[in-house]
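*Asks:* return a 3D structure for these sequence lines:
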Amino acid sequence: MTEYKKYCYWLDSNGFTSAKKVLEEKEIQGNNEAHLPCRVLKTSTELGYVAPSAWNGFCKRRTFWYWKSDKAEKFLVVSNKPMDIPGYKDPNTIVDSNFKPDRLPSQKEILELIELDEYRKRKPKGWDKPDAIEKDFYQIYFERYGATDSFDFEKLLKYHSANHANFIDPQFFENIKGEKAPYSISDSLYVCSSCLEFFNILGEKWPIKYVVPCIGAVKFAGLPMNHYFEVKTFGAVNSGGRVSAF
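*Replies:* The predicted structure follows:
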């Protein structure tokens, strides 16, 4: 996947309507994604649109973070090429990488991550309350994708939470030119709703982050399991102020 690259733009309703009209006038058609935001990450999807309603689709509980973020009610445009959209010069980009973390958290550190104040403050209501259908989904794909551990749903949910917590308040990160670059704290079977990090709903403050696709993005977007992608955010706002990605 050495050629993999996506450009991601968040537009308000008026901006999206205007941009789509210009594209259609140029006979450029995009794919409308109504249920699974991650599907626009497919290599074969040249241009994809994600409407707000898509975040209430198949992954509704898992992606409810969208509705508590500054992206709520906005439209997402994801393209294989940079786009000339008036007023939107700095998309975040997703590219292939050869990143490998020095280490991953222990079981004790997983529990510490989900107790972080900032994570608990931002966590949506209902995040910790999956339904039985979700449990079945995870168990099926846990076994289908060759897990060597026995299926433990409670453990899985803790890892899901810890992974998001690490992008909100990084405890496991690379130091790149004095900036934190947080990374996914486990492999694809143990992370959830990676679209939140890919599309800067979570971890938006960090100029660079390294994201492993969740099992949904592996299944529905065809992304490789356990592989880190680099998400670069231009004009990211971190604890030190406004900066440009490197």
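*Asks:* name the helices or strands packed onto the lengthiest helix in the chain?
*Replies:* Identified as the longest helix of the chain according to DSSP state H is helix 153-168. Judged by 3 or more C-beta pairs under 8 Å, 6 or more residues apart in numbering; DSSP states H and E, the packing partners of helix 153-168 are helix 107-113, helix 117-122, helix 132-144, helix 195-198. Using the backbone N, CA and C atoms, a C-beta is placed for each residue, glycine as well.
*Asks:* let me know which of the ones you listed is tucked in deepest.
*Replies:* Comparing the helices and strands packed on helix 153-168 by mean neighbour count (mean count of other C-beta atoms under 10 Å), helix 195-198 comes out on top with a mean of 29.
*Asks:* sorry, back to before: nearest to residue 90 among the helices and strands packed on helix 153-168 would be which one?
*Replies:* Residue 90 lies closest to helix 195-198 among the helices and strands packed on helix 153-168, at 16.4 Å (C-beta to C-beta).
*Asks:* which of the helices and strands packed on helix 153-168 comes out lowest on mean pLDDT?
*Replies:* Note on the helices and strands packed on helix 153-168: helix 132-144 shows the lowest mean pLDDT, a mean of 88.
*Asks:* who does that helix touch, helix- and strand-wise?
*Replies:* Using 3+ C-beta pairs under 8 Å, 6+ apart, helix 132-144 sits against helix 153-168, helix 215-221.
*Asks:* ok and that helix relative to helix 153-168, angle-wise?
*Replies:* Angle between the axes of helix 132-144 and helix 153-168 is 90 degrees (criterion: axes from the mean of the first three to the mean of the last three C-alpha atoms, to 10 degrees).
*Asks:* now helix 132-144, how far from the chain's geometric center?
*Replies:* 20 Å (C-alpha atoms, centre = their mean, to the nearest Å).
*Asks:* run through who's touching that helix.
*Replies:* Applying C-beta atoms under 8 Å, 6 or more residues apart in numbering, the contact partners of helix 132-144 are 61, 62, 151, 153, 156, 189, 215, 219.
*Asks:* closest one of those residues to residue 69?
*Replies:* Nearest to residue 69 among the contacts of helix 132-144, with distances taken as C-beta to C-beta, is residue 62, at 13.9 Å.
*Asks:* how many residues are close by the residue nearest to the closest one when sequence neighbours are not counted?
*Replies:* Closest residue in space to residue 62, ignoring its immediate chain neighbours: residue 193 at 4.1 Å, by C-beta to C-beta, 6 or more residues apart in numbering. The number of residues packed near residue 193 is 25, by other C-beta atoms under 10 Å.
*Asks:* that older thread, buried among the contacts of helix 132-144? Make that a ChimeraX selection.
*Replies:* Buried subset of those, written as a ChimeraX selection, criterion 16 or more other C-beta atoms under 10 Å:
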select :62,156,189,215,219
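*Asks:* dump the contacts of helix 132-144 to TSV, plus distance to residue 143 and pLDDT.
*Replies:* Output for the contacts of helix 132-144, formatted as TSV (distance: C-beta to C-beta, whole Å; pLDDT from 0 to 100):
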residue	distance to residue 143	pLDDT
61	22	94
62	20	95
151	7	91
153	13	93
156	13	94
189	10	94
215	11	93
219	14	93
